[in-house]
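Colleague: Sequence and predicted structure below; questions after.
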Amino acid sequence: MRFKDTSPKLDKFRSRKIAKKILHSIHISYAKINRNLKLMHVCGTHETTVAKSGIRSLLPNGLEIISGPGCPVCICPSEHISAAIQLAKQGAIIVTFGDMFKVPDSELITLSNTKSNGYDIRIVYSINDAVKIANNNSNKKIIWLGVGFETTAPMTAFTLINNPPTNFFVLSDFRLVPPAMELLLSDPKHDLDGFVLPGHVSTIIGTKDYDQFPEKYNIPCVVGGFDALDFLIAIDMILKQIIRGDSIVENAYPRVVKAEGNTIALKMMNKVFKVVDAKWRGIGIIKKSGFELSERFVKYDAKALLLEPIKSDRDLIKGCLCGNVILGKAVPQSCPHFLKKCTPETPIGPCMVSDEGTCRIRVLYEEK
Amino acid sequence: MCLSVVAKIIEFIDQTQAKVDINGVTKIITISLLKNELELNDWVLIHTGFAIAKIDESKAMEIINAYDKIDNL
């Protein structure tokens, strides 16, 4: 069968025959290691790959794949949503990706509810569409919701460098993956045996930022891609490191990830953003884990437009375990709200909203 | 949100934009995050309307062929 969404050569990454060979290698390696292992990925799209393709059911018993803090929508602070809603009520047009539309703030109010009440909130595919909206509505302030990891931040940097319309503003709450990994690994109680590193974050930042983890924490790290075979190869490479007694950063997704990353994107991000301590929903403040606009670009900062400060006493509603689910410390099924109050149709926790949220993915692909 | 798709370049609009084919859908994307390394019919990785990497098929094939050569089944 020919897949039209890859080049013909890359069809091999959908080969059942090769999948069986990689799985065989994984089972042989795991038998040699002969102990329970816990491998974490830190990417919501990886969780989709794992769940959708049934990878967990194909792995040896005792080889566990857990989901880490890899869903930017899930960890986006409640205050970001509240600020966007307030700016909409002040008359601005809010422009965002669809992922953000149904995420509740701490009072369970969403952008979707707000739009239903008559405020102007628009979903787009790209920041380029937001700039077009700004050009077509020069009498209105346009607020772009700057949410995402390192994969998504360069597009905002590019836009601000290229002189957007004066009515274009950014509510910047971008977050960075390596500081969250550091938080997990610095916990002396962590029981992780390896990381599958996020392929598209790594396309931008490269692999050098991860070198600190094998060096400091003696943990194997392998960059993984998003076809099921990419992910299996990453697991196999981690197991082989464990057998060798090795801890290094390896790249199982070299068709797009280079050690140096995307140097143009990195330069643009360095110019537009400054690294700050930042709040992760359900987790708290993580040091040097967020992007705010640097002094030169502060005129585009939507936070300065807020007429009242945004305050929030809580992140999540009582009992919601999203924080622990995001950190890989709880499975969705252990949350008292899972598939009771909190369902894909009526989500109350962010992990049930996003297509990259662990709870939602578990319901859609794995929970029977 | 980090979801990205693979697309084939079918036309250059100017220095900053190209038309791509995404599994049969034609779309104009921004190519300014890549150096002047793209040619017609190249495959690129697209994230939210921007090309973020050129697909290096030879590197991909090295890995997958290594597994394909394993004779264990």
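Modeller: Okay, I see it.
Colleague: Next, the contact list for the residue in chain B that chain A sits nearest to, please.
Modeller: Nearest residue of chain B to chain A, counting by C-beta to the nearest C-beta: B:Gly49, 3.0 Å away. Placement of C-beta: from N, CA and C, glycine included. Applying C-beta atoms under 8 Å, 6 or more residues apart in numbering or on different chains to B:Gly49 gives the contacts A:125-129, A:155, B:27, B:29-30.
Colleague: go with 6 Å
Modeller: A:126, A:128, B:29 (C-beta atoms under 6 Å, 6 or more residues apart in numbering or on different chains).
Colleague: Please apply the same query to A:Asp105.
Modeller: With C-beta under 6 Å, 6+ apart, A:Asp105 has these contacts: A:78, A:81-82.
Colleague: rewinding a little: can you flag which of the contacts of B:Gly49 belong to helices?
Modeller: Taking DSSP state H as the definition of helices, these contribute A:Asn128.
Colleague: re the thing from before, can I get the contacts of A:Asp105 in CSV including pLDDT and secondary structure?
Modeller: Shown next, in CSV, are the contacts of A:Asp105 (pLDDT from 0 to 100; DSSP: H, G, I helix; E, B strand; the rest coil):
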residue, pLDDT, secondary structure
A:Ser78, 92, helix
A:Ile81, 95, helix
A:Ser82, 95, helix
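Colleague: among those, which ones are buried?
Modeller: A:78, A:81-82 (16 or more other C-beta atoms under 10 Å in any protein chain shown).
Colleague: any idea how far A:Asp227 is from the residue positioned nearest the centre of chain B?
Modeller: Geometric centre of chain B, nearest residue: B:Val44, 1.5 Å, by C-alpha atoms, centre = their mean. Distance, B:Val44 to A:Asp227, using C-beta to C-beta, to the nearest Å: 17 Å.
Colleague: Any residues of chain A in contact with chain B? List them.
Modeller: Counting by C-beta under 6 Å from any C-beta of the partner chain, the positions of chain A adjacent to chain B are A:4-7, A:9-10, A:12, A:18, A:20-22, A:24, A:45, A:72, A:99, A:126, A:128, A:148, A:151-152, A:154-155, A:200, A:203, A:254-256, A:262, A:264-265.
Colleague: how about the residues of chain B near chain A?
Modeller: So far as C-beta under 6 Å from any C-beta goes, chain B lies against chain A at B:1-4, B:6, B:23, B:33, B:43, B:45, B:47-50, B:52-53, B:55-57, B:59-60, B:64, B:67-68, B:70, B:72-73.
Colleague: rerun that using 8 Å as the cut-off
Modeller: Residues of chain B that fall close to chain A, judged by C-beta under 8 Å from any C-beta of the partner chain: B:1-6, B:8, B:22-24, B:30, B:32-35, B:43, B:45, B:47-50, B:52-57, B:59-65, B:67-68, B:70, B:72-73.
Colleague: Distance check, A:Asp105 against chain B.
Modeller: Distance, A:Asp105 to chain B, by C-beta to the nearest C-beta, to the nearest Å: 18 Å.
Colleague: Now for the closest residue to A:Gly323 other than its chain neighbours: which residues touch it?
Modeller: Distance criterion C-beta to C-beta, 6 or more residues apart in numbering or on different chains; nearest residue to A:Gly323, sequence neighbours excluded, is A:Gly282 at 2.8 Å. By C-beta under 8 Å, 6+ apart, the residues touching A:Gly282 are A:74-75, A:315-316, A:320, A:322-324, A:326, A:350.
Colleague: Could you list which of those residues belong to helices?
Modeller: Reading helices off these with DSSP H, I get A:74-75, A:322-324, A:326.
Colleague: Make a markdown table from those and add pLDDT to it.
Modeller: What follows is these, written out as a markdown table (pLDDT from 0 to 100):
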| residue | pLDDT |
| --- | --- |
| A:Cys74 | 90 |
| A:Ile75 | 91 |
| A:Cys322 | 91 |
| A:Gly323 | 90 |
| A:Asn324 | 90 |
| A:Ile326 | 89 |
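Colleague: And for A:Asn61, the neighbour number?
Modeller: 7 (other C-beta atoms under 10 Å in any protein chain shown).
Colleague: how near is it to B:Trp43?
Modeller: 38 Å.
Colleague: just A:Thr159 next, same as before
Modeller: Applying C-beta to C-beta to A:Thr159 and B:Trp43 gives a distance of 25 Å.
Colleague: Any quick PyMOL command for the buried ones out of the ones in helices among the contacts of A:Gly282?
Modeller: Selection of buried members from the ones in helices among the contacts of A:Gly282 for PyMOL, criterion 16+ other C-beta under 10 Å:
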select buried, chain A and resi 74+75+322+323+326
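Colleague: List just the nearest of the ones in helices among the contacts of A:Gly282 to chain B.
Modeller: For the ones in helices among the contacts of A:Gly282, the closest approach to chain B (C-beta to the nearest C-beta) belongs to A:Cys74, at 9.9 Å.
Colleague: nearest spatial neighbour of the closest one, skipping sequence neighbours?
Modeller: In space, A:Cys74 is closest to A:Pro350, 4.3 Å off (C-beta to C-beta, 6+ apart).
Colleague: what's the answer for A:Ile264, then?
Modeller: Nearest to A:Ile264 is B:Leu33, by C-beta to C-beta, 6+ apart, at 5.2 Å.
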